[in-house]
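**Q** sequence and predicted structure, then a few things I'm wondering about:
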Amino acid sequence: MTKVIVNDLGDELFAVLVDEARDISIKEQMSVCLRYVNKEGQLALVTVAKKYVKIALLFNLLTNLCNVVGTSYKRRDMLRDSQMTKTIEALQSKEISSESGLNQEIALKRAGDTRWGSHYGTILQLISLFSSVVNVFEYVEEDGNNSEQRAEACHLLNVIQSFEFIFNLHLMKNILEITNELSQALQRNDQDIINAMALVKVSKQWLQTIRDDGWSLLLDEVSLFCDKHNITDPKIDDIFVPQGRSRRKAQKISNLHPFQVEKFYQVVDRQLQELNNRFTEVNNELLLCIACLNPRHSFLVFDKEKLIQLAQFYPLEFSSTQLLVLDSQLENFILDVRSDDQFSNLNEIGALF
């Protein structure tokens, strides 16, 4: 594990976090944590999606949108006022509920490069605030401080009001909502390994279901959004014409092919492949074996057989003779820790060290 981390780190920047504390016997102990961002930028599932150029462009556009709106107090106020007006109108027409805690978020925040849920949150905010964002950019297009600002606003308006952008936006919203809970679980300090592995399984199954049966639902969702915001929805059976090419030179395929085959299937398949590569059956079994050492509730999940199985994965560390005595050693271990008050209030594996 140390060699893998060192090789992955290379010459990149890293941080070392050091903490000191005293245990029950007044002995001073020090814990050290190495934190770094790997070569792919840490957010594995987002990075995999970005390997498809159109999806990478989507996230770049999201950053530009947030920068244009967020760097100006006036534009932020316009966005807030526009959304407030639309919220009041929707409440009056009973399109939305007015229960406590609802309809509170009126902001468009830039996604953080190393925060799992931030990309998903930015996408949700844009979908929710879409018409208000359009209003802000229409204002900038007309009354921007200079021609560069007006030209950028005009360009972004054309892009975000295209069917392709809306399709990509909802595609990534649907994928990231599947993996969001898993992503949050994997970054928690007190992560429950058993729960995390269960979420991996659920995410894989859900993604496979989306791939098999989710196309029509996604297309309907995108079409409804386009209808609501007066965005042209191309007929899916029409001949597809790539940008910058004439119909005569275009390959004779329908609009269905680039959106369903080249985009929907590819992006979902890459997510599935990434989860399968990172969480193989062997990796999952290793993690579940390690989880048997969790001290929570007086080592409730302790499983001697799984820990012996874990030792068998490391033949260089445990000889055949050592494996023979491991059974009795584990029996002594569990009797010892369950009878020792020092272990009675521990809630995570890290607290054992």
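**A** Alright, I've got the coordinates.

**Q** shaky segments in the stretch 151-300 of the chain?
**A** 187-192, 240-251 (pLDDT under 70).

**Q** which stretches of this protein form strands?
**A** For the chain, the strands defined by DSSP state E occupy 14-22, 28-36.

**Q** partner strands of the first one and their direction?
**A** When you say that, I think you mean strand 14-22. strand 28-36 (antiparallel) (DSSP bridges).

**Q** among the strands of the chain, which is nearest I5?
**A** strand 28-36 (7.0 Å; Cβ to Cβ). Glycine gets a C-beta too; all of them are placed from N, C-alpha and C.

**Q** give me the mean pLDDT for the closest one.
**A** When pLDDT is averaged along strand 28-36, the result is 74.

**Q** and for stretch 131-145?
**A** 84.

**Q** roughly how far is it from the heart of the chain?
**A** Relative to its parent chain, stretch 131-145 has a centroid offset of 30 Å by Cα atoms, centre = their mean, to the nearest Å.

**Q** please begin residue numbering at 96 from this point
**A** With 96 as the first residue, the last one maps to stretch 226-240.

**Q** only C-alpha atoms, please: export it in CSV.
**A** Extracted C-alpha coordinates of stretch 226-240, given in CSV (Å, rounded to 0.1, in the frame of the first residue of the first chain):
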residue,chain,number,x,y,z
SER,A,226,-34.7,30.3,-16.3
SER,A,227,-33.3,32.9,-13.8
VAL,A,228,-29.7,32.2,-15.1
VAL,A,229,-31.0,32.8,-18.7
ASN,A,230,-32.5,36.1,-17.5
VAL,A,231,-29.1,37.2,-16.1
PHE,A,232,-27.2,36.3,-19.3
GLU,A,233,-29.8,38.1,-21.4
TYR,A,234,-29.2,41.2,-19.3
VAL,A,235,-25.4,40.9,-19.7
GLU,A,236,-25.8,40.3,-23.5
GLU,A,237,-27.7,43.6,-23.7
ASP,A,238,-26.0,45.8,-21.1
GLY,A,239,-22.6,44.3,-20.4
ASN,A,240,-19.7,46.6,-19.5
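
**Q** in that stretch, what counts as buried?
**A** 227-232, 235-236, 239 (16 or more other Cβ atoms under 10 Å).

**Q** now the strands of the chain in a markdown table, with distance to Q437?
**A** Below are those laid out as a markdown table (distance: least, Cβ to Cβ, whole Å):
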| stretch | distance to Q437 |
| --- | --- |
| strand 109-117 | 12 |
| strand 123-131 | 12 |
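
**Q** looking at those, which is closest to Q361?
**A** strand 123-131 (30.0 Å).

**Q** for S393, give me its contacts.
**A** S393 makes contact with 433, 438-439 under the criterion Cβ atoms under 8 Å, 6 or more residues apart in numbering.

**Q** buried subset of those as a PyMOL selection?
**A** Buried members of the contacts of S393, defined by 16+ other Cβ under 10 Å, are picked up in PyMOL with:
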select buried, resi 438
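
**Q** if anything else comes up later, I'll come back, but that's it for now.
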